[in-house]
Structure formats: C-alpha cells, structure tokens
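just a sequence and a predicted model for now, questions to come.
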Amino acid sequence: MIRILIADDHVLVREGLKRMLASNPEFTIVGEAQDGDEAVSKVRELKPDVILLDITMPHRGGIESIRAILNASSATRVLVLSMHEDQEFVVSSLREGALGYVSKSADSGDLERAIREVSAGRVYLSPTVSSAVVDLLRKDEPEVEPVLEPIDKLTPREREVLRLVADGLSSREIAVALKIGQKTVETHRANIAQKLKLKSVAEMVRFAVRYKMIEP
C-alpha cells in the first residue's frame with residue numbers, strides 16, 4: 001500500500017485526486033495540505049511514501065518546499081503535479097530533489113504509473129514534460145568539433161595545386177594549366193605547406209600519394 005499526501009491549494013483538485021486514487025487498492029490517502037508550509041508540516045507528521053505536490057501555492061510554493069519536505073522525511077518521495085510544462089519548472093523541481101513531474105493534463109493511468117515509479121525510488125516524467133529535460137540536456141552538451149582529416153583543411157583550388165606539384169609541375173606550369181597567375185600559385189603553395197606542415201616538394205608528393213591524389 002502506497003501512502004499518499006496531496007498538497008494543492010485548490011479544494012476541487014484535491015477532492016478530484018482523492019476520488020481518483022481511492023478507486024485503486026494500491027493507494028491510500030493519508031492527508032492533504034493547501035500550501036507549502038502545511039505540506040512540510042504534514043510530511044513531518046505523517047511520513048507519507050509519496051507527496052503529490054503542486055508548485056504554485058501560497059505562502060511557500062512547491063519548488064521552495066521540496067528541500068524542506070525531504071529534510072522533514074527522507075523516506076518521502078516528491079512527485080510534482082502541475083499545470084506548468086515549461087522547462088524552467090520541470091528542471092528546477094528535479095534539481096531540488098523531486099523524483100517525478102506529471103502534468104495536470106495527464107490521464108489517471110499516467111499519474112498512477114508515476115506514483116508507483118516514484119514510490120520505488122525511480123524517476124518518472126510524463127511524456128508531455130520529458131522533452132523539456134531532453135532539450136536542456138542537449139543545450140548542456142558541449143559542442144564537439146568534428147575531427148578533420150588533414151586534406152580537409154585544403155580548399156578545392158589548393159588541392160588542385162597540390163596534385164599538380166606532386167605530378168612534378170613547376171609554379172609557372174601550374175599557372176598555365178589552371179589559367180591563374182604565377183604569384184597566385186606561389187601563394188597557394190605557401191598556404192598548403194603551412195596548413196599541412198609540409199617543408200618540401202618531396203613531402204608534398206608523399207602526402208598526395210597517401211591521400212590517393214596521384215598514383216605512386
């Protein structure tokens with residue numbers, strides 16, 4: 001039997017939850033609270049297995065109450081039940097120590113699953129709010145720079161120049177072949193040498209062979 005405390009400032013919400021959960025023999029409602037202060041007091045007194053906690057209540061809101069609730073009873077699991085599905089509310093609740101977060105738009109089956117999971121010490125997020133956590137995790141992930149092959153550092157024109165250098169053409173011959181100025185060819189050769197850290201024509205040839213730009 002899972003002992004449940006309901007904390008919500010709306011009487012109709014509390015009454016509706018009591019009726020819904022009373023029909024399930026797995027659950028028993030041990031009490032209710034209408035604000036954060038009363039929720040902490042009732043948790044200290046009743047030591048419920050799970051507290052269904054709204055996060056927008058007077059005096060002390062739900063998020064501010066979570067740590068106090070856990071301090072009052074370390075065995076009590078906090079399951080937030082809220083109309084808010086924004087990332088800010090979901091993540092703040094979990095950071096404060098809640099194990100679950102369910103939207104008030106969820107159906108009874110979703111809420112019952114959440115109570116079972118949270119009671120067992122497992123995290124539960126209803127489908128409508130789980131995307132908020134996923135989005136945050138993606139934002140927190142460091143951007144990984146793609147690993148580039150050395151040849152990927154070269155522009156298409158630089159690759160053409162490198163291939164012709166490896167084929168044995170001089171800067172003047174390359175300029176004629178590509179219909180560009182000889183000084184432009186020399187600039188390309190300097191850029192290639194700097195990007196690939198190649199110090200001689202022989203090293204350029206070996207590089208071109210390794211990347212199959214020319215036949216060995």
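Nice, thanks for sending it over.

domain parsing of this protein, as residue ranges.
Domains of the chain are assigned by automatic domain parsing as 2-140, 150-210.

in TSV, list those domains along with mean pLDDT and mean neighbour count.
Every C-beta, even on glycine, is put in place using the N, C-alpha and C of the backbone. Formatted as TSV, those follow (pLDDT from 0 to 100; neighbours: other Cβ atoms under 10 Å):
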stretch	mean pLDDT	mean neighbour count
domain 2-140	88	18
domain 150-210	90	16
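
how near is Asp35 to Phe207?
Asp35 sits 72 Å away from Phe207, going by Cβ to Cβ, to the nearest Å.

brain fart, Ile151
8 Å.

Thr184 now?
21 Å.

and the closest residue to Ile55 other than its chain neighbours, what does it touch?
Among residues not flanking Ile55 along the chain, Gly62 sits closest, at 3.3 Å (Cβ to Cβ, 6 or more residues apart in numbering). Gly62 makes contacts with Ala7, Gly36, Ala39, Leu53, Asp54, Ile55, Thr56, Val80, Ser82, Ser93, as judged by Cβ atoms under 8 Å, 6 or more residues apart in numbering.

mind doing that once more with 6 Å?
Leu53, Asp54, Ile55 (Cβ atoms under 6 Å, 6 or more residues apart in numbering).

same thing with Ala208?
Neighbours of Ala208 in contact, by Cβ under 6 Å, 6+ apart: Leu162, Ala166, Ile214.

tell me the contacts of the last one?
The contact partners of Ile214, by Cβ under 6 Å, 6+ apart, come to Ala166, Asp167, Ala208.

ok, Glu32 next?
Ile6, Arg14.

partner strands of the one helix or strand it maps to, parallel or antiparallel?
Assigned by DSSP states H and E, Glu32 belongs to strand 27-33. According to DSSP bridges, strand 27-33 forms sheet pairs with strand 2-7 (parallel).

can you show me the helices along this protein?
Ranges of helices in the chain, per DSSP state H, are 11-22, 36-46, 62-72, 87-96, 108-119, 127-140, 156-166, 171-178, 182-196, 201-210.

would you list those in JSON lines and tack on distance to Val102?
Output for the helices of the chain, formatted as JSON lines (distance: least, Cβ to Cβ, whole Å):
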{"stretch": "helix 11-22", "distance to Val102": "11"}
{"stretch": "helix 36-46", "distance to Val102": "17"}
{"stretch": "helix 62-72", "distance to Val102": "13"}
{"stretch": "helix 87-96", "distance to Val102": "10"}
{"stretch": "helix 108-119", "distance to Val102": "5"}
{"stretch": "helix 127-140", "distance to Val102": "8"}
{"stretch": "helix 156-166", "distance to Val102": "55"}
{"stretch": "helix 171-178", "distance to Val102": "66"}
{"stretch": "helix 182-196", "distance to Val102": "55"}
{"stretch": "helix 201-210", "distance to Val102": "58"}
